[in-house]
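Participant: need coordinates for the following:
(chains A and B)
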Amino acid sequence: MSYDQKLRKLREIYKRLIGWFPDGYRARVGEAMLDTFDDLSRERRTSGSSLAFAFGLYSDLLFHLLKENLMAAKESQKLAWISAALLVPFALVFTIGIVWQLLFSLGVVGLPTMWTAFSDTRLAYVLIFLFPVAALLLSLANLILRARRNGSGNVLTMEFAKANVITLSLVITSFGASLFLYGHDVLPCGLNAILSNHHWWSLGPALEACLQA
Amino acid sequence: MPKSDSPITPAVLHILIALSEGELHGYGIMKQVEKDSQEQVSMGPGTLYGCLNRMLEAGLVSESNKRAAPDLDDARRIYYRLTLKGKKALTDELSRYKRVVKLANSKSLATFKGQA
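Facilitator: From the prediction side, this is the model:
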């Protein structure tokens, strides 16, 4: 592939990435950004490799893409921020759990257990098991609100998905977290416990028995 | 969003200074900032347009219609210029810097150098 062909390809990708900036930002400076890409590629045509050029430009672009989207989300999506905050304890325990499992498999630490991190198991239940469900409900509510504001006919479109990418990501993440927490062991075990040992209203003790098993 | 009487970021200040001598397109601003700072400050397109976006929103700069850029093979480019509000923000910021330097001098902060 010639240098010009590579540049055309890089330009196409750059243009697509600009499309992921928030609407207002893209409308104000999106076109000028692409012009500057052309100017910089003209400058680099005589010096430097396309790889170094692409790395510098894309790392700068991706950093600001993330930053601008977060800033736009911060301005307009309070519910999304609350949902994200609710997922933090689970994400921390999940990450620590993976590292711990790895160290355990290497024989460095003992058997991983979440309860060593919490002296109060009730607090752990709330932070780890209830917060992700609350995040799922909140982000779903947020998505429904946005869909209603947008008009029901425009919900299943790429524009709607792009405009609500953070809310959609949170719905998927919190759903995944909830499924991991409840679908993995707790839900089948809890149901079994309720059906075999407990009354239907004794969900708390049943879950506790499953979690400590 | 920078207010005319509040401190503005170093990147915004560099852009205001670059535009103080006349209209420039995005690439021109990047080059002017490099030149003004004797290549101490280098701005990527992300930083530049992040600042320009906020400056446009705040009314510190405005854009002119696309026109040919003789320095870039006559390619048509969007030019940016300072607004009255932008000029005032630059003047205020430079005055603030002067006051800070004056304050530092009045407290003989140069002695810190010897104590360090």
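Participant: please name the residues that touch A:Gly110.
Facilitator: Taking CB atoms under 8 Å, 6 or more residues apart in numbering or on different chains as the contact definition, A:Gly110 lies against A:Phe104. In short, each C-beta sits where N, CA and C put it, glycine included.
Participant: show me what from chain B comes close to chain A.
Facilitator: For chain B, the residues in contact with chain A (CB under 8 Å from any CB of the partner chain) are B:25-27, B:30, B:44-50, B:52-53, B:56-57, B:63, B:72-73, B:75, B:77-78.
Participant: which of those residues count as buried?
Facilitator: Neighbour-count burial (16 or more other CB atoms under 10 Å in any protein chain shown) is assigned, among the residues of chain B next to chain A, to B:25-27, B:30, B:44-50, B:52-53, B:56, B:63, B:72, B:75, B:77-78.
Participant: show me where chain A has helices.
Facilitator: A:3-18, A:23-44, A:50-76, A:78-105, A:121-124, A:131-150, A:158-163, A:165-178, A:187-196, A:203-212 (DSSP state H).
Participant: ok, which of the ones you listed comes nearest B:Leu84?
Facilitator: When the helices of chain A are ranked by proximity to B:Leu84, the top entry is helix A:23-44, at 19.7 Å, counting by CB to CB.
Participant: can you point out the buried residues in the closest one?
Facilitator: By neighbour count, and taking 16+ other CB under 10 Å as the criterion, the buried residues in helix A:23-44 are A:25-26, A:28-30, A:32-41, A:44.
Participant: and residue 9, how many neighbours does it have?
Facilitator: Chain wasn't specified; assuming chain A. The tally of other residues near A:Lys9 (other CB atoms under 10 Å in any protein chain shown) stands at 13.
Participant: should've been chain B
Facilitator: Number of residues near B:Thr9 (other CB under 10 Å) recorded here: 12.
Participant: A:Phe104 now?
Facilitator: 14.
Participant: how near is it to A:Gly97?
Facilitator: Here A:Phe104 is placed at a distance of 10 Å from A:Gly97 (CB to CB, to the nearest Å).
Participant: the bottom helix or strand of chain A by mean pLDDT?
Facilitator: In chain A, no helix or strand scores lower on mean pLDDT, DSSP states H and E than helix A:203-212, which sits at a mean of 61.
Participant: coming back round to it: okay, and which of the residues of chain B next to chain A map to helices?
Facilitator: With DSSP H as the criterion, helices contain B:26-27, B:30, B:45-50, B:52-53, B:56-57 from among the residues of chain B next to chain A.
Participant: make JSON lines from the helices of chain A and add distance to B:Ser106 to it.
Facilitator: Conversion of those to JSON lines gives the following (distance: least, CB to CB, whole Å):
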{"stretch": "helix A:3-18", "distance to B:Ser106": "49"}
{"stretch": "helix A:23-44", "distance to B:Ser106": "42"}
{"stretch": "helix A:50-76", "distance to B:Ser106": "39"}
{"stretch": "helix A:78-105", "distance to B:Ser106": "44"}
{"stretch": "helix A:121-124", "distance to B:Ser106": "54"}
{"stretch": "helix A:131-150", "distance to B:Ser106": "54"}
{"stretch": "helix A:158-163", "distance to B:Ser106": "53"}
{"stretch": "helix A:165-178", "distance to B:Ser106": "49"}
{"stretch": "helix A:187-196", "distance to B:Ser106": "70"}
{"stretch": "helix A:203-212", "distance to B:Ser106": "65"}
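Participant: A:Ala72: what's it in contact with?
Facilitator: A:22, A:24-25 are the contacts of A:Ala72 under CB under 8 Å, 6+ apart.
Participant: can you redo the residues you listed as a markdown table with distance to A:Leu65?
Facilitator: Written out in a markdown table, the entries for the contacts of A:Ala72 read as follows (distance: CB to CB, whole Å):
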| residue | distance to A:Leu65 |
| --- | --- |
| A:Pro22 | 10 |
| A:Gly24 | 14 |
| A:Tyr25 | 10 |
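Participant: chain B: which of those is nearest?
Facilitator: Set against chain B, the nearest of these by CB to the nearest CB is A:Tyr25 (5.2 Å).
Participant: shouldn't the closest one be in contact with A:Leu65?
Facilitator: No. Proximity of A:Tyr25 to A:Leu65 does not meet the contact threshold set by CB atoms under 8 Å, at 9.6 Å.
Participant: center of chain A, which residue is that?
Facilitator: The centre of chain A sits closest to A:Ser169, judged by CA atoms, centre = their mean, with a distance of 5.0 Å.
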